[in-house]
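1. Build the 3D model from these lines:
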Amino acid sequence: MTFKGMSHFPPRLLLPSNVHSLINRLDQEYLSYLNPLYPPDPSLWTQARCDRFNSDVDQLLLLLQVELGTNFVIIDQQKRHAEDPALGEFLVANPNQKPMP
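-> Numbering: from 1, shown residues only. As a prediction, the model looks like this:
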């Protein structure tokens, strides 16, 4: 089997449990980014929620850089989120929806 031009699998990375926990938590949080009733509607994440998520992503990148050292290059392609500009108007029109602080 070939993996991106290699004839063998890359080595397994042993990361501490706190790194795995943060990855799992961010993965679960990210699942709630899209509007749960109708994904094309604005995300219910407030700016505060976006800021916490973005900060946690930055923390994860730093942890990975420390753990992996200079033997690996980390390419950060995670989009940083900001509150949808249409959120306030959407919440007024949909009082049954609640923002995620």
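
2. what's the longest helix anywhere in the chain packed up against?
-> When the chain is parsed with DSSP state H, its longest helix is helix 47-68. Packed against helix 47-68 by the contact rule (3 or more CB pairs under 8 Å, 6 or more residues apart in numbering; DSSP states H and E) you find helix 17-30. Where you see a C-beta, it was placed from the backbone N, CA and C, and this is true even at glycine.

3. what helices or strands is the helix it packs on leaning on?
-> helix 47-68.

4. Looking at residue 12 now. What's its pLDDT?
-> Among the per-residue scores, residue 12 shows a pLDDT of 69.

5. Same question for residue 9.
-> Residue 9 carries a pLDDT score of 56 in this model.

6. Not counting the longest helix of the chain itself, show me its contacts.
-> Judged by CB atoms under 8 Å, 6 or more residues apart in numbering, the contacts made with helix 47-68 from elsewhere in the structure are 13, 15-16, 18-19, 22-23, 25-26, 29-30, 33, 45, 74, 76, 78, 80-83, 100-101.

7. ok, now stretch 13-28?
-> The contact list for stretch 13-28, computed with CB under 8 Å, 6+ apart, reads 53, 56, 57, 59, 60, 63, 64, 67, 68.

8. What residues sit buried inside stretch 91-101?
-> By neighbour count, with 16 or more other CB atoms under 10 Å as the criterion, the buried positions of stretch 91-101 are 97, 99.

9. end to end, how far does that stretch reach?
-> 13 Å (CA to CA, to the nearest Å).

10. ok, now stretch 79-96?
-> Length of stretch 79-96, first residue to last, CA to CA: 28 Å.

11. How about stretch 38-55?
-> Looking at stretch 38-55, the gap from its leading to its trailing residue is 27 Å under the measure CA to CA.
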